[in-house]
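**Student:** The following block contains a protein sequence and its predicted model.
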Amino acid sequence: MLSLARSWRVWVRLHYLQFPIGKRLGAMMGLAAAVSVLLAGMGIAGLAASNESLRSVYEDRMVPVRELSRIHALFLSNRLILQSALSAVHTEAGPSGVSVLVMDRNTAQLAAESINRNIQAINNLWQAYASKTLAQQEAAQAARFEQVRQRYLEDALVPAVVALRANNHPLTLRAAEQGRVHFEVLAPQLEHLIDLQFALADAGYQVGVERYRNTRLWALVALAVSMLTMSGLGWMLIRSIVRPLERVINTFRQISLGHYDTQIPIEGSDEISKVMQALQAMQTKLGSHENAIHQLAFYDPLTNLPNRRLLRDRLQLALSASARSQTYGAILMIDLDGFKIINDTQGHGVGDDLLVEMAQRLKGCLRQADTVARLGGDEFVVMLVNLGPDANQAAIHAEGIGEKILQTIVQPCRLGQQSHQSSASIGITLFVDQSATIDELLKRADLAMYQAKNNGRNTQRFFDPRIQAALEARLSLELELRHALPQGQLELYYQVQVDSERDVLGAEVLLRWRHPTRGIVGPADFIPIAEESGLIVPIGEWVLRGACEQLKRWENNPLTEHWTLSVNVSALQFRQADFVPMVRRLLEQTGINTRRLKLELTESLVLDNVDDTVLKMKLLNQRGIQFAMDDFGTGHSSLSQLNQLPISQLKIDRSFVAHMASSRNDAVIVQTIIGMARNLHLNVIAEGVETEEQRVLLEQFGCPAYQGYLAGRPMPLNDFVELARRKASVPA
Ligand code: C2E
Ligand code: MG
Ligand code: MG
């Protein structure tokens, strides 16, 4: 049963939907008309049947009743005519002289004629009745009556007419008597026949009533069934239209929401399916048109770069993100120098080609997250994001990208037949939160860009004069640092390291830059620049070489032969692939006792890539080189990490030493570091010891060595040797 219903549904699905909606509606209308015609026909037939019953009640039964009644009346009339003729008598003397009763002649003649007419009338009426198709019971009764009627005619009426005409009273009386006798028999039979007619009429009437009732019932049932069928079919028809229409609406809605890849369901081949097919054909076009509209609205048609509108959107997002993360971003306003001249002299086509080329180059200078937009003409804007939380670093980064852009733009390019070299002016402004509006930021970058133009083009300027000044100072420092080494401006200073007896253990080598105009520049001011520019690699090597050579020189002097030298190694330097070979080479070249050389690494350097660090440290440690963990306590190294590193010394960071007398916390940290070193069998030394109080405290904590202004500031070699000599001759 279930599978039957399912296959019916499948049939409807597969076949019904094949027909167009118009045909389906037409079929419904046709079906409705056919059902109406059928119903009307059934009703008419039913009504005709009941009508036929009523007609037969009247014509087949009432007409014979009238005929039979008239026959009955004619029989009665005959009796009355005879009696009236027999009563109009007088006596006359008969042939034998006996007086006889004689009827009035006229009356007798008139009576004879009347009875004769009545006989004719009865015959006619009976003929009319008997000629009809009679029911079986009726026919039998009629046959019986016919016999009686014949006898009555022959025995009574015909003799009566003869007797009347002959004015024979006795014969007339006898005929009358015969008539009465026959009437006694005939009258009940006639009445019976009439009753039968009434009974048959009633039966016919009942049949008619029954037929009428049945017709009415069947009409109602048929009407109900047809209404149910029609409404069922109508429902199916509506469903077959509404369901697909709903799918059409849903599909349109999806497409209007921009889901152009929406699957379009096509079932059957009716008008709705054709709409869906048409929509499917439009689908890809709509998608590409939408893309085209989006492209037109948000992108510059010439270069395909984001336009001003999209840039503003992205800037808005970048400002919010920057406000949340407190990281800097930058806007670089870029204007090609002399673009107008190219456009005017070589035509717009060439100008356009140049813009397209420059757009490509600009894109090549940026990271994925950054944006380059074209505002119009030869004006481009670059938006840099995530430049970090530090304004100086962000400025350096933005300036670096600006420099990269300037360098890319000056690369020659082919325009038509000629080679052309462009340049650009860049104005930069930084942003960190939403303190400035987009318009303000763009205006600032624009202003800075005009300054750059005034500065002689092919250059960049920051909007903020302080940033600009700092950047310029840094830039010139970097430039000067490049010459510092070859020009012998770098010097090694030595800061003494002593034990608790104030005996010299050695020194830490610290760089100084004797700048021709600035005087002595401390490493804090130039080591970061050296690291960023990569100059730290050759400089670091130079320091190491200097330290090794110094150690070598000290080896022959009993005063100095046991001194160690600590050399700071920067992360960039240590990460160089040839760092270990370079150190080995130096060791071989100088031939020092490697145990006197100590390399200082910071915690962050070590933890950055533990595997690589451990490997390199072990390789050098095998050659006898010692390692000290500089600025210890400021990083996050764990005990287990320390354990696997081949270090021999922890250097307590000077920030803890500086406050340990006043801060309980720092005192505890210093004690902990000393305890930790003892447990790990490591050497420990305190940095930045400036006061006697600090030294005493460190002694109490069990710190065996220290370095700081108290023992001696970083100083040139000669001063250091002099100081050491004094210390050696003046025992503590
Ligand atoms: P560092 O390795 O922690 O060096 C110790 C710093 O503390 C030195 O600063 C030193 O002058 C300073 N100092 C020593 N005793 C005291 C004291 O009692 N009080 C105070 N306030 N300061 C003291 P300097 O020479 O300015 O060096 C700074 C940093 O520059 C060094 O910190 C080191 O990280 C780096 N550096 C110096 N020379 C080199 C080098 O040749 N190569 C590398 N990669 N980095 C170097
Ligand atoms: Mg150091
Ligand atoms: Mg230090």
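**Tutor:** Received it, and whenever you're ready, just let me know what you need. Ligands and ions are numbered 1, 2, ... in the order given.
**Student:** who in the stretch 551-700 of the chain is up against ligand 1?
**Tutor:** Applying CB under 6 Å from any ligand atom, we find that the stretch 551-700 of the chain lies next to ligand 1 at 568, 569, 570, 600, 630, 631, 654, 687, 688, 689, 690. Backbone N, C-alpha and C define where each C-beta goes, glycine included.
**Student:** How about the chain?
**Tutor:** Counting by CB under 6 Å from any ligand atom, the positions of the chain adjacent to ligand 1 are 495, 510-511, 522-524, 527, 540, 543, 568-570, 600, 630-631, 654, 687-690, 707-709, 714.
**Student:** among those, which are in helices?
**Tutor:** Among those, the members found in helices (DSSP state H) are 523, 524, 527, 540, 543, 654.
**Student:** which two in these are spaced the farthest apart?
**Tutor:** The largest separation in these, counting by CB to CB, is between 540 and 654 at 22.0 Å.
**Student:** of those two, who's got more company?
**Tutor:** Regarding residue 540 and residue 654, a neighbour count based on other CB atoms under 10 Å identifies residue 540 as having more, with 24 against 19.
**Student:** element containing the nearest residue to the more buried one once chain neighbours are set aside, please.
**Tutor:** Closest residue to residue 540 apart from its sequence neighbours, by CB to CB, 6 or more residues apart in numbering: residue 573 at 4.0 Å. Residue 573 is located in helix 571-575, with elements delineated by DSSP states H and E.
**Student:** which secondary structure elements does that helix contact?
**Tutor:** Helix 571-575 is packed against helix 536-554, helix 603-608, helix 610-622, with contacts defined by 3 or more CB pairs under 8 Å, 6 or more residues apart in numbering; DSSP states H and E.
**Student:** just for this structure, where's the confidence low?
**Tutor:** For the chain, the stretches with pLDDT under 70 are 1-18, 730-732.
**Student:** any idea which helix is longest in it?
**Tutor:** The chain, longest helix under DSSP H: helix 169-256.
**Student:** possible to save the residues of the stretch 551-700 of the chain next to ligand 1 as CSV with distance to ligand 3?
**Tutor:** Formatted as CSV, those follow (distance: CB to the ion, whole Å):
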residue, distance to ligand 3
568, 8
569, 12
570, 13
600, 7
630, 5
631, 4
654, 6
687, 5
688, 8
689, 12
690, 14
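**Student:** Which one of these sits in the busiest neighbourhood?
**Tutor:** In terms of neighbours by other CB under 10 Å, these top out with residue 689 at 25 neighbours.
**Student:** Mind listing what's buried along the longest strand seen in the chain?
**Tutor:** Counting residues, the longest strand found in the chain (DSSP state E) is strand 504-515. Neighbour counts over strand 504-515 (16 or more other CB atoms under 10 Å) mark 504, 505, 506, 507, 508, 509, 510, 511, 512, 513, 515 as buried.
**Student:** what sits against the first one?
**Tutor:** By CB atoms under 8 Å, 6 or more residues apart in numbering, the contact list for residue 504 reads 496, 497, 498, 563, 724, 727, 728.
**Student:** For the closest residue to the fourth one other than its chain neighbours, name its beta-bridge partners.
**Tutor:** Spelled out, that is residue 563. Leaving out its chain neighbours, the residue that sits closest to residue 563 by CB to CB, 6+ apart is residue 506, at 4.1 Å. Residues in a beta bridge with residue 506, per DSSP bridges, are residue 497, residue 564.
**Student:** next one: the one 4 residues further on
**Tutor:** Beta bridges link residue 510 to residue 493, judged by DSSP bridges.
**Student:** Quick check, it in contact with residue 491.
**Tutor:** No: Residue 510 is not in contact with residue 491 according to CB atoms under 8 Å; the separation is 9.6 Å.
**Student:** end-to-end on stretch 152-167?
**Tutor:** Counting by CA to CA, to the nearest Å, you get 21 Å between the two ends of stretch 152-167.
**Student:** neighbouring contacts of it?
**Tutor:** 75, 78, 82, 85, 102-103, 105, 108-109, 111-112, 115-116, 118-119, 122, 169, 171-172, 174-176, 178-179, 181-183, 186.
**Student:** are any of the residues you listed buried, and which?
**Tutor:** Buried, going by 16+ other CB under 10 Å: 75, 78, 82, 85, 102-103, 108, 111-112, 115-116, 118-119, 122, 169, 172, 174-176, 178-179, 182-183, 186, out of the contacts of stretch 152-167.
**Student:** ok, back up a step: residues in contact with the residue nearest to residue 563?
**Tutor:** Neighbouring residues of residue 506 by CB under 8 Å, 6+ apart: 496, 497, 563, 564, 565, 566, 596, 598.
**Student:** Excluding sequence neighbours, find me the nearest residue to residue 258.
**Tutor:** Residue 258 sits nearest to residue 290 (CB to CB, 6+ apart), 6.6 Å away.
**Student:** for the helix or strand where the one you found lies, which positions count as buried?
**Tutor:** Using DSSP H and E, residue 290 sits within helix 271-298. Buried positions in helix 271-298, judged by neighbour count with 16+ other CB under 10 Å: 272, 273, 275, 276, 279, 283, 287, 298.
**Student:** Which member of the residues you listed is positioned nearest ligand 2?
**Tutor:** Each of the buried residues of helix 271-298 was checked against ligand 2 using CB to the ion; the closest is residue 298, at 53.8 Å.
**Student:** That's all I had, so thanks and see you.
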